[in-house]
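# sequence and predicted structure, then a few things I'm wondering about:
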Amino acid sequence: MIKFDFNSLTSFLGETVKHSSEVEGNAMKQVTFLSLMTILGAVGAMQTPFWGVLLYYTLAMLRPQHLWDWALDGSIRWSLLAAMITLVSFWLHLSRLIKRSSFNGMVTLILLYAVLVMFSTITAFNPQIAQGWAIEYAKIMIIAVVASMVIEHFWQIRLLALMILLMLGYIAWEINFLYFFQGGRLNIFHYGYGGLDNNGAGLLLAMGVPFAYCFALSPEKGWFRLWPVAAGVLGLVIMHAVMMTYSRGAMLATAVGILWVLVHHRPRWQSGGAAIGLVLVLSVMAGPQIQERFLSTTNFKTDASALSRFESWSAAWHIAWENPILGKGIRNSNQYTRNYGADYQGRTIHNQYLQIAADTGIPAASLYLFMLGFGMWNFRRARMMCRDAIDSAPDDDAIRRIQHASQICLAAQASLLIFIFDGMFLSLEMFEPPWLLMVVAGVLPRIMQSHLDGLCEAREGELEHAPVIAPAPPGVIRPALPKHAMSRVSR
């Protein structure tokens, strides 16, 4: 006979109500945060469209609908709302933006690429599949063109870089929290993140590592002196999250990006010290399983995953050369890879460049590669401009600011390089971060020149008002002038 225990039932109902209240309270926190951020972004966007662009890319990085899927109402599409705010603000300020902005080379390349994507969609073997992906392409490229016209100042670029670090750092913190405080959960490995599998999630996180470098060296003062330490800690947290994805491509790409930064950083003794420190720290952070996974990249000739990629690459190569002009249509080639030797029907190419060549044609793939190369070149141009401006800096504070600007350029270049490298193992045409970096690369040389002129115009003003130094009387020796004063006088 079953006995009815009223006290147990009361206790159970009480715990259930308490748990439901906690969940509802936590959900309210997420909704309140996103609502407040969206409202502030909308108010700011009415003043200048940049705040709308910042809001859009913040949500594109954070992907709150996946991070807090248990708390958010799926009927609200936060990214779409941010895109609408951005476009409305852009329309309201269009006349001013047209007068002040100019199409740079990157915008021209993006528009040409959009034309090729459009024709490939029209001629696709399966238009329904192509049209769905084309809509995503359109959203990304429209916002990219808008951002190219909206970003006007270097502080905006610095704020975008800081946003990337903070958003990816927060995601990495959540991943580490689940692992260390909730029984070793590896959700990032088993389920990926934000609609990406573990490899795509690893790439997303890896692209944030270089930005930890540039902000760890930022010339902050006062209470903000603790910020470089926080940036360094965020970098380590992100790197550990990348390891927990068990993505060999992401780990290799992270190593390439870090090596790029260390090779180009000055002074070299700091690079050497940082390299030794990272090797020691990462050897502790990477457990035996992660080390084994990373070292398994040397067994690519016998690894089943690597062999399947080789088969899909070969299939894409043949598809591309059979349809060289406009390809099979966006993501149509996946329907044919099995016919060309892939291991199963619908196999993704797992190579960004071959995927584009098979889907959209060899001209589109070549143009896409040129955009990436042009972005890397523009970041280098901006770094060289900073190097040349050091000699014209009026004081040590200006020198530190110029160096920091150069470090931001180097971090963005390394982040783009991480994507370029890992793109050889993934198909992520609709991945927002590299498009943002290409936009920044397009506007950076012009903005950097204006930024450096602003830092150095203090020197020009001091030269105009510098006192005339009369010749010393015979036999009188004047004291030596400081370095910066000597440079002003000699000029």
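Right, received. Where do you want to start?
# use CA for all of it now, contacts and neighbours both
Fine.
# my guess is residue 199 meets residue 247, correct?
Yes. Look at residue 199 against residue 247 with Cα atoms under 8 Å: they come within range, at 5.1 Å.
# before we move on, what SS does residue 276 have?
The three-state assignment at residue 276 reads helix, by DSSP: H, G, I helix; E, B strand; the rest coil.
# what's the burial count for it?
Neighbourhood size, residue 276 [other Cα atoms under 10 Å]: 11.
# in the stretch 201-350 of the chain, where is pLDDT below threshold?
Applying pLDDT under 70 to the stretch 201-350 of the chain picks out residues 221-224, 300-301.
# and the helices in it?
If you assign secondary structure with DSSP state H, counting those that start in this stretch, the helices in the stretch 201-350 of the chain sit at 209-216, 227-244, 248-264, 268-285, 288-295, 304-322.
# between the ones you listed, which gets nearest to residue 34?
Of all those, the one in closest proximity to residue 34, counting by Cα to Cα, is helix 227-244 (22.3 Å).
# so which bits of the closest one are buried?
Under the neighbour-count criterion of 16 or more other Cα atoms under 10 Å, helix 227-244 has 227-228, 231-232, 234-244 buried.
# just those residues now: which is nearest residue 317?
Residue 317 lies nearest to residue 242 out of the buried residues of helix 227-244, by Cα to Cα, at 30.1 Å.
# that closest one reaches residue 250, doesn't it?
Yes. The pair residue 242 and residue 250 passes the contact test of Cα under 8 Å, sitting 6.9 Å apart.
# now do the shared contacts for the two.
202-203, 206 (Cα atoms under 8 Å, 6 or more residues apart in numbering).
# let's have those in JSON lines, adding neighbour count and distance to residue 101.
Formatted as JSON lines, the entries for the shared contacts of residue 242 and residue 250 read as follows, by neighbours: other Cα atoms under 10 Å; distance: Cα to Cα, whole Å:
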{"residue": "202", "neighbour count": "31", "distance to residue 101": "36"}
{"residue": "203", "neighbour count": "26", "distance to residue 101": "32"}
{"residue": "206", "neighbour count": "30", "distance to residue 101": "32"}
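# from those, pick the one nearest residue 139.
Taking the shared contacts of residue 242 and residue 250 together and measuring to residue 139 by Cα to Cα, the closest member is residue 203, at 21.5 Å.
# can you pull the contacts of that closest one?
Taking Cα under 8 Å, 6+ apart as the criterion, residue 203 is in contact with 242, 249-250, 253, 418-419, 422.
# got a markdown table for the residues you listed, with distance to residue 352 too?
What follows is those, written out as a markdown table (distance: Cα to Cα, whole Å):
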| residue | distance to residue 352 |
| --- | --- |
| 242 | 20 |
| 249 | 13 |
| 250 | 14 |
| 253 | 14 |
| 418 | 13 |
| 419 | 10 |
| 422 | 9 |
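# of all pairs in those residues, which one is the farthest apart?
Looking at the contacts of residue 203 by Cα to Cα, the two members farthest from one another are 242 and 419, with 13.8 Å of separation.
# name the SS class of the residue positioned nearest the centre of the chain, please.
If you average the C-alpha coordinates of the chain and look for the closest C-alpha using Cα atoms, centre = their mean, you land on residue 433, 4.1 Å from that point. At residue 433 the chain is in helix, as set by three-state DSSP.
# wait, isn't it in contact with residue 61?
Yes. The pair formed by residue 433 and residue 61 meets the contact definition of Cα under 8 Å, at 7.4 Å.
# in stretch 116-132, what counts as buried?
Residues of stretch 116-132 classed as buried by neighbour count (16+ other Cα under 10 Å): 116-118, 120-127, 130-131.
# quick one: those as JSON lines, columns for distance to residue 384 and pLDDT too.
Listed next are the buried residues of stretch 116-132 as JSON lines, based on distance: Cα to Cα, whole Å; pLDDT from 0 to 100:
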{"residue": "116", "distance to residue 384": "33", "pLDDT": "96"}
{"residue": "117", "distance to residue 384": "34", "pLDDT": "95"}
{"residue": "118", "distance to residue 384": "37", "pLDDT": "95"}
{"residue": "120", "distance to residue 384": "39", "pLDDT": "94"}
{"residue": "121", "distance to residue 384": "40", "pLDDT": "94"}
{"residue": "122", "distance to residue 384": "43", "pLDDT": "94"}
{"residue": "123", "distance to residue 384": "44", "pLDDT": "93"}
{"residue": "124", "distance to residue 384": "44", "pLDDT": "94"}
{"residue": "125", "distance to residue 384": "47", "pLDDT": "92"}
{"residue": "126", "distance to residue 384": "47", "pLDDT": "92"}
{"residue": "127", "distance to residue 384": "46", "pLDDT": "91"}
{"residue": "130", "distance to residue 384": "42", "pLDDT": "92"}
{"residue": "131", "distance to residue 384": "42", "pLDDT": "92"}
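# helices - which of those land there?
With helices taken from DSSP state H, the overlap with those comprises 116-118, 120-122, 127, 130-131.
# widest-spaced pair of those?
Looking at those by Cα to Cα, the two members farthest from one another are 116 and 127, with 15.0 Å of separation.
# not counting residues beside it along the chain, what's closest to residue 65?
With sequence-adjacent residues excluded and distances taken as Cα to Cα, 6 or more residues apart in numbering, residue 65 is closest to residue 72, at 6.7 Å.
# ramachandran angles for that neighbour?
Here is the backbone geometry of residue 72 (degrees, to the nearest 10): phi -100, psi 150.
# quick revisit: from the buried residues of helix 227-244, which is closest to residue 67?
Top of the list for closeness to residue 67, among the buried residues of helix 227-244 and by Cα to Cα, is residue 241 at 14.7 Å.
# OK, contacts around that closest one?
Under the criterion of Cα under 8 Å, 6+ apart, the contact partners of residue 241 comprise 172-173, 175-176, 202, 205.
# okay, these in JSON lines with distance to residue 366 next?
Converted to JSON lines, these look like this (distance: Cα to Cα, whole Å):
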{"residue": "172", "distance to residue 366": "34"}
{"residue": "173", "distance to residue 366": "38"}
{"residue": "175", "distance to residue 366": "37"}
{"residue": "176", "distance to residue 366": "39"}
{"residue": "202", "distance to residue 366": "26"}
{"residue": "205", "distance to residue 366": "27"}
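# who wins for neighbours among those residues?
Each of those was scored for neighbours by other Cα under 10 Å, and residue 202 scores highest at 31 neighbours.
# contacts only, for that one.
The neighbours of residue 202, taking Cα under 8 Å, 6+ apart as the test, are 241-243, 245, 247, 250-251.
# any idea how far it lies from residue 236?
If you measure residue 202 against residue 236 using Cα to Cα, to the nearest Å, the figure is 14 Å.
# same check on residue 207?
Relative to residue 236, residue 207 is positioned 13 Å away (Cα to Cα).
# same thing with residue 440?
Per Cα to Cα, residue 440 is found 25 Å from residue 236.
# equivalent analysis for residue 346, please.
Look at residue 346 and residue 236: by Cα to Cα, they are 37 Å apart.
# flag every buried residue along stretch 346-358.
When burial is assessed from 16+ other Cα under 10 Å, stretch 346-358 yields the following buried residues: 347-358.
# for stretch 421-439, same thing?
For stretch 421-439, the buried set under the neighbour-count rule, 16+ other Cα under 10 Å, comprises 421-439.
# residue 46: what's it in contact with?
Contacts were defined as Cα under 8 Å, 6+ apart; by that measure residue 46 touches 89, 92.
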